[in-house]
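Asks: A predicted structure for the sequence below; I have some questions about it.
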Amino acid sequence: MKTHSFNYPKRLTLANIPTPIQKLRFRESAFLIKRDDLTGLELSGNKVRKLEFLLHYAKKLKADLLFTCGGEQSNHARATVFAAKSIGLNTKLFLWGKESTLADGNLFLNKFLNTEIKYLTKLEYDNVNSIMFEEKLKLEKAGKKIFIIPEGGSSEVGIWGYVKAFEEIIEQRNFNINSILTACGSGGTSAGLLLGAHLYGKKFQILAVNVLYPADVMRNKILELVENTIRKYSLKIKLDESLLEVVDGYSTEGYKNISNEKIKVIREFAGQTGIILDPAYTGKAFYAYQEQYLKSKNLSRTLFIHTGGLFGVFPKRKLFLQN
Ligand SMILES: Cc1ncc(COP(=O)(O)O)c(C=O)c1O
């Protein structure tokens, strides 16, 4: 595969990057981890990379208010709220969940900044895009300019954050990796990595651990995102679908839940490495990683990306303390 010439869209500088790749041990196996949990603090995790491109775009469109959505503990929603504040913008959130008297984790941080929140039931959330769009139309009639960021920041603009991360990985690489594993929710991280593999001419396998949507839905979402980006930016590449694998079966307990055996692995991992994985995404993805890729080989050729999510451990404190 050869590198293709292309230009990145413009972006803001929000993330502390490049993040390190570290060689660590879990149980008997050595493995490689990219610390995207270290992209920032209030603005931590994978979302910040996407927001660099998205917020530049929002500024270009002269937006004065952002809308975005997610679960009540959405890391993306919290990162958007904080990133927007750093450039003087407010965000309204559309969250799948309930108002709570003692908000915790990411929800607490959103409230800390007095963020306007509309709570939706799961059924309503299935139509969140039209709900946001209708409200945008209403406010725009009153003279406001709204920029909607879709779930997880996973749009044709946002996924460039992970094309850039792919570039970073191959530039940092003293390691003989041939695949990258990441947690997958809205699909933008995996889509960006997949697009990066094509643009940089590397036949890396992108392993996406689906935690929110069924495997077939997830696969289609990722491929569609890449195809749409290729079209939007007139990129001269043909998508090789075989480079994407959805690693299924690691969130059967449901997106908002986590099994005791995964909780145990998260605690054992923290005990061995000093690094905290989160219960919705990275804990499940690492569980898949250690089960599938670390057992057979010692130094895995599969890079694990820690995509952040630290604040999600707090609402689950009872489970962590019991296990
Ligand atoms: C901590 C964390 N890891 C991984 C993901 C998944 O990324 P994506 O939505 O780009 O698939 C998310 C968000 O959805 C997240 O918050």
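Replies: Yep, it's here. The structure displayed is predicted, hence computed values, not measured ones.
Asks: Just the pLDDT at residue 30, thanks.
Replies: The confidence metric pLDDT takes the value 89 at residue 30.
Asks: Does it touch residue 175 like I think?
Replies: No: no contact is recorded between residue 30 and residue 175 when judged using CB atoms under 8 Å, the distance being 10.7 Å. The way it works is simple: take the backbone N, C-alpha and C, and place the C-beta from them, glycine included.
Asks: what's the distance between the residue nearest the centre of the chain and the ligand?
Replies: Using CA atoms, centre = their mean, the residue of the chain that lies closest to the mean C-alpha position is residue 46, 4.7 Å off. For residue 46, the distance to the ligand under the criterion CB to the nearest ligand atom, to the nearest Å works out to 5 Å.
Asks: Can you list the residue ranges for helices in this structure?
Replies: 47-60, 75-86, 105-112, 122-125, 128-141, 160-172, 188-199, 215-232, 260-273, 282-289, 317-322 (DSSP state H).
Asks: Point out the most buried one among the ones you listed.
Replies: Mean neighbour counts were taken over the helices of the chain using mean count of other CB atoms under 10 Å, and the top value, a mean of 28, falls to helix 188-199.
Asks: For it, which helices and strands make contact with it?
Replies: Using 3 or more CB pairs under 8 Å, 6 or more residues apart in numbering; DSSP states H and E as the contact definition, the elements that helix 188-199 packs against are helix 47-60, helix 160-172, strand 179-184, strand 205-210, helix 215-232.
Asks: which ones are touching residue 136?
Replies: Under the criterion of CB atoms under 8 Å, 6 or more residues apart in numbering, the contact partners of residue 136 comprise 67, 146, 148.
Asks: any chance of the helices and strands packed on helix 188-199 in a markdown table, plus mean pLDDT?
Replies: What follows is the helices and strands packed on helix 188-199, written out as a markdown table (pLDDT from 0 to 100):
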| stretch | mean pLDDT |
| --- | --- |
| helix 47-60 | 98 |
| helix 160-172 | 96 |
| strand 179-184 | 97 |
| strand 205-210 | 98 |
| helix 215-232 | 98 |
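Asks: Out of those, which is closest to residue 19?
Replies: Using CB to CB as the criterion, the shortest distance between residue 19 and the helices and strands packed on helix 188-199 is 7.6 Å, found for helix 160-172.
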